[in-house]
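[1] Sequence below, structure please.
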Amino acid sequence: MSGLYADITGPGGVIAVRMAVEDFGGRVLDRHIEVVSGDHQNRADVGSGIARRWFDVEGVHMITGLGNSSVALSVQQLARERGRINIVSGAATTELTGRQCSPTGVHWTYDTYALARGTGTALLQEGGQRWFFLTADYAFGHALERDTAAVVLAGGGTVVGRARHPLNTADFSSFLLTAQGARADVIALANAGGDTINAVKQAAEFGLTRSGNRRLAALLMMVTDVRAIGLQTAQGLVFTESFYWDMDDATRAFSQRFFERHGAMPTMLQAGMYGATLHYLRAVQAAGTADDAAAVMARMREMPINDFMTRDGRLREDGRVIRDVHLMQVKTPEESTGPWDLMRVVRTIPGDQAFRPLAESECPLVVSRR
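    A predicted model of the protein is given here:
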């Protein structure tokens with residue numbers, strides 16, 4: 001709700017959840033649906049404290065959003081202990097469906113494996129063989145660096161260096177100088193939100209965004225980030241998304257409604273919070289209960305996921321939602337026709353190719369059944 005991730009999830013995410021509740025009708029099983037929100041401040045202890053109060057005192061049945069990997073992992077463990085459901089839209093670490101998976105946990109929108117497969121593969125194919133990682137020094141950044149490095153190495157590339165920066169860094173100059181000295185083909189930003197915005201802007205000042213054959217890769221970027229950076233600086237960047245507002249009539253219709261309330265087009269995290277809430281409420285209705293998390297989860301797995309963002313998606317037993325993702329590229333200023341006409345779809349990656357195969361899962365719920 002505040003800090004470097006507020007624009008990509010935060011208040012807009014709460015608006016998206018409220019829109020889903022309204023579209024569902026505001027009631028389920030003859031009970032009024034109440035939406036509450038809290039600010040975890042990107043701190044796991046604060047996030048788990050809010051979740052504990054909601055579960056133990058206020059009777060909350062489901063928590064969504066969770067736009068920070070450390071917070072999401074902490075809340076997922078607590079939800080498992082309390083027999084409640086958490087649906088992560090904002091956080092990216094694959095640990096949520098890996099070794100720390102939960103029978104009541106869902107990873108909804110994207111993850112670091114999908115980001116790595118999409119962007120890493122694309123830049124390798126364009127000749128980016130030598131990679132340097134500039135990484136946010138916490139669970140999300142580490143996971144994104146690890147998964148992208150695995151794609152690079154499997155594709156015959158090399159990792160020539162890395163630098164890790166604290167969350168919410170204002171000055172990237174020392175990190176960028178280190179990257180510049182590594183003579184990498186690709187400087188990969190394994191960070192998000194305000195950190196990505198600052199890093200891209202400062203990389204442009206250093207001449208690193210368009211310097212010979214070197215490429216700057218923003219491994220996680222969203223429409224609000226591109227708008228904050230500006231097309232003059234961000235043009236040509238490629239990255240992986242599961243949603244863009246201007247893909248078809250359905251995405252445009254939802255996004256216009258959202259824009260009228262929020263004054264900005266929705267990010268994939270905010271669109272994901274809408275879809276997660278709607279699918280959850282449909283499952284509660286089908287299960288005939290909100291109190292039996294196992295019954296609701298069973299319905300969520302049985303029912304296909306269909307909304308403006310997802311076509312025939314499905315929820316696997318490890319908690320991973322399988323949906324198509326898209327390799328995006330930022331437009332040039334000359335190509336843009338309006339303030340939010342910022343990027344194009346380069347290609348669509350089917351969900352079965354984008355996410356980690358279930359056969360490779362480290363989730364104990366899956367491993368025990370092999």
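
[2] burial of the residue lying closest to Arg323 once chain neighbours are set aside, as a residue count?
    Closest residue to Arg323 apart from its sequence neighbours, by Cβ to Cβ, 6 or more residues apart in numbering: Gly313 at 4.1 Å. Every C-beta, even on glycine, is put in place using the N, C-alpha and C of the backbone. By other Cβ atoms under 10 Å, 19 other residues sit near Gly313.

[3] Could you list the residues in contact with stretch 350-368?
    Applying Cβ atoms under 8 Å, 6 or more residues apart in numbering, the external contacts of stretch 350-368 come out as 94, 97-99, 101, 103, 111, 113-114, 117-118, 313, 316-320, 322-325.

[4] show me the contacts for Leu73.
    Counting by Cβ under 8 Å, 6+ apart, Leu73 touches Ala44, Ala91, Thr93, Glu95, Leu96, Gln100, Ala139.

[5] Quick check: the fifth one touching Val88?
    Yes - taking contact to mean Cβ atoms under 8 Å, the distance of 5.8 Å between Leu96 and Val88 places them in contact.

[6] Residue ranges in the protein under the pLDDT threshold?
    Applying pLDDT under 70 to the chain flags residues 210-212, 370.

[7] Please, where are all the strands along it?
    For the chain, applying DSSP state E gives strands covering 27-28, 31-32, 62-65, 85-88, 105-107, 130-136, 158-165, 186-190, 215-218, 238-241, 314-315, 321-322, 325-330, 343-349.

[8] give me the number of residues near Ala184?
    22.

[9] Provide a list of residues in contact with it.
    Residues near Ala184 by Cβ under 8 Å, 6+ apart: Arg130, Trp131, Phe132, Val160, Gly161, Arg214.

[10] and the third one, how far is that from Thr121?
    Distance from Phe132 to Thr121, counting by Cβ to Cβ, to the nearest Å: 18 Å.

[11] between these two, which one's more packed in?
    Between Phe132 and Thr121, counted using other Cβ under 10 Å, Phe132 has the larger neighbour count: 24 against 19.

[12] For the closest residue to that one other than its chain neighbours, give me phi and psi.
    Once flanking residues are discounted, Phe132 sits nearest to Ala184: 3.8 Å by Cβ to Cβ, 6+ apart. Dihedral pair for Ala184: phi -90, psi 150, per degrees, to the nearest 10.

[13] For Ala6, see how far away Ala184 is.
    From Ala184 across to Ala6, the span is 31 Å (Cβ to Cβ).

[14] Please apply the same query to Arg344.
    Distance, Arg344 to Ala6, by Cβ to Cβ: 27 Å.

[15] With neighbour numbers in mind, choose between these two.
    Ala6 (17 against 14).

[16] Tell me where the stretch 201-350 of the chain has helices.
    Remark: helices assigned in the stretch 201-350 of the chain by DSSP state H, counting those that start in this stretch are 223-229, 231-234, 249-262, 268-287, 293-302.

[17] starting at the chain centroid, how far to the last one?
    By that I understand helix 293-302. How far helix 293-302 lies from its chain's middle: 23 Å, per Cα atoms, centre = their mean, to the nearest Å.

[18] what sits up against that helix?
    For helix 293-302, contacts defined as Cβ under 8 Å, 6+ apart pick out 61, 83-85, 103-104, 106, 279-280, 282-284, 286-290, 314-317.

[19] Buried among these? Make that a ChimeraX selection.
    The following ChimeraX line selects those of these that are buried, judged by 16 or more other Cβ atoms under 10 Å:
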select :61,84,85,103,104,106,279,280,282,283,284,287,290,314,315,316,317
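
[20] I figured Ala20 hits Ala271, correct?
    No - counting by Cβ under 8 Å, Ala271 is not a contact partner of Ala20; they are 10.3 Å apart.

[21] More neighbours: these two, which one.
    Taking other Cβ under 10 Å, Ala20 and Ala271 do not tie; Ala271 has more neighbours (29 against 22).

[22] Might you report the residue contacts of the more buried one?
    Ala271 makes contact with Ala16, Thr109, Phe243, Thr251, Phe254, Phe308, Met309, according to Cβ under 8 Å, 6+ apart.

[23] Quick one: those residues as a markdown table, columns for distance to Gln353 too.
    Shown next, in a markdown table, are those (distance: Cβ to Cβ, whole Å):
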| residue | distance to Gln353 |
| --- | --- |
| Ala16 | 27 |
| Thr109 | 17 |
| Phe243 | 18 |
| Thr251 | 22 |
| Phe254 | 26 |
| Phe308 | 22 |
| Met309 | 18 |
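
[24] what about burial for the residues you listed, which qualify?
    Among these, the ones that count as buried by 16+ other Cβ under 10 Å are Ala16, Thr109, Phe243, Thr251, Phe254, Phe308, Met309.
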